[in-house]
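A.B. asks: would you be able to build a 3D model of this:
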Amino acid sequence: MQQEERFDIESFGLRAAQYVRASTDMQRYSNENQKDTIAAYAARRDITIVRTYSDDGVSGVALTANRPPSVEKTLIRDAISGSADFDIILVYDVSRWGRFPRC
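C.D. replies: Residues are numbered from 1 along each chain as shown. Here you go, the predicted model:
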């Protein structure tokens, strides 16, 4: 039986981009609260946050229609370009990334 190899990011000192999104200012998960939670998570794991991508007042349902191209497209382009200054992307919760209704 092959032993499972585990990826332990705690020992790598990775550089991260963080992505935060709040649809409205009244949401429980404000961008600032998300940043604070992500920062605490990163600090416990020796991860340095080097970049923040932020969508303010944008619904997660419309992944491309309502998001400013400077946020969504830039994050994805930076991540796949090979020239990003970060190794990983941290989000508070997958719901902050977007809503994924059944197609």
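
A.B. asks: in this structure, which spans are helices?
C.D. replies: Secondary structure of the chain, counting by DSSP state H: helices at 31-44, 69-81, 94-97.

A.B. asks: export the ones you listed to TSV and tack on mean neighbour count and distance to residue 13?
C.D. replies: (Each C-beta comes from the backbone N, C-alpha and C, glycine too.) Output for these, formatted as TSV (neighbours: other Cβ atoms under 10 Å; distance: least, Cβ to Cβ, whole Å):
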stretch	mean neighbour count	distance to residue 13
helix 31-44	15	11
helix 69-81	13	19
helix 94-97	14	24
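
A.B. asks: select, out of those helices, the one closest to residue 87.
C.D. replies: Distance to residue 87, taken as Cβ to Cβ, is lowest for helix 69-81 among those, at 10.0 Å.

A.B. asks: circling back to that earlier point, export the helices of the chain as CSV, with columns for mean pLDDT and distance to residue 18.
C.D. replies: Converted to CSV, the helices of the chain look like this (pLDDT from 0 to 100; distance: least, Cβ to Cβ, whole Å):
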stretch, mean pLDDT, distance to residue 18
helix 31-44, 94, 5
helix 69-81, 80, 10
helix 94-97, 70, 10
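
A.B. asks: of those, which approaches residue 51 most closely?
C.D. replies: Residue 51 sits nearest to helix 69-81 of all these, at 7.9 Å, using Cβ to Cβ.

A.B. asks: mind saving the C-alpha coords of that closest one as PDB?
C.D. replies: Extracted C-alpha coordinates of helix 69-81, given in PDB (Å, rounded to 0.1, in the frame of the first residue of the first chain):
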ATOM      1  CA  PRO A  69     -12.100  43.500 -14.400                       C
ATOM      2  CA  SER A  70      -9.300  44.900 -12.300                       C
ATOM      3  CA  VAL A  71     -10.100  42.500  -9.500                       C
ATOM      4  CA  GLU A  72     -11.300  39.200 -10.800                       C
ATOM      5  CA  LYS A  73      -9.400  39.100 -14.100                       C
ATOM      6  CA  THR A  74      -6.300  40.500 -12.500                       C
ATOM      7  CA  LEU A  75      -6.200  37.900  -9.800                       C
ATOM      8  CA  ILE A  76      -6.700  35.000 -12.200                       C
ATOM      9  CA  ARG A  77      -4.300  36.500 -14.700                       C
ATOM     10  CA  ASP A  78      -1.600  37.000 -12.000                       C
ATOM     11  CA  ALA A  79      -2.100  33.500 -10.600                       C
ATOM     12  CA  ILE A  80      -1.700  31.700 -13.900                       C
ATOM     13  CA  SER A  81       0.900  34.000 -15.500                       C
END
